[in-house]
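can't give you the sequence, but here's the structure:
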């Protein structure tokens, strides 16, 4: 086990870096502009894309999912569940607030066949792929 000495400026440096990262981030990139955004896995399967998003402490009714022009956007809010009035915190590490993540998918996604489920703090979004167009023979008309 490695021991790391406490350095009071390390926390300050982390906070300054976070502020600058957020100030210059591209909102269209899907990165969150607040201090918290859900971590995700995006998996391509034979007939679908699947997104697994970790949303601990978020209620399903606080999450919205929409798709527009092949971009799937997940938005929501992680609300504080404790009251801080009259409390003197020794350390605060949990982060709350609004979040947004966007993912661009190829045109093969069928926007009419998207499903979502929420269990044990994990949001699962399944985006079915469109069935491939079957090859067909084009008759030649003699004129």
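Yep, it's here. Every value quoted in this text rests on a predicted model; they were computed, and no experiment measured them.

Quick one: name whatever helix or strand follows the lowest-mean-pLDDT helix or strand in the chain.
Taking mean pLDDT, DSSP states H and E as the measure, the chain has helix 8-23 as its least confident helix or strand, at a mean of 63. Per DSSP states H and E, the first helix or strand lying C-terminal to helix 8-23 is strand 40-44.

Quick check: which helices or strands does the next helix or strand after that next one pack against?
For strand 40-44, the following helix or strand on the C-terminal side (DSSP H and E) is strand 48-54. The contact analysis (3 or more C-beta pairs under 8 Å, 6 or more residues apart in numbering; DSSP states H and E) places strand 48-54 against strand 40-44, strand 71-78, strand 122-129. In short, each C-beta sits where N, CA and C put it, glycine included.

swap the cut-off to 10 Å and go again
strand 40-44, strand 63-68, strand 71-78, strand 97-104, strand 109-119, strand 122-129 (3 or more C-beta pairs under 10 Å, 6 or more residues apart in numbering; DSSP states H and E).

do you know how far the spatially most central residue of the chain is from residue 130?
In the chain, the C-alpha nearest the mean C-alpha coordinate belongs to residue 101, at 3.8 Å (C-alpha atoms, centre = their mean). Computed as C-beta to C-beta, to the nearest Å, the residue 101 to residue 130 distance reads 23 Å.
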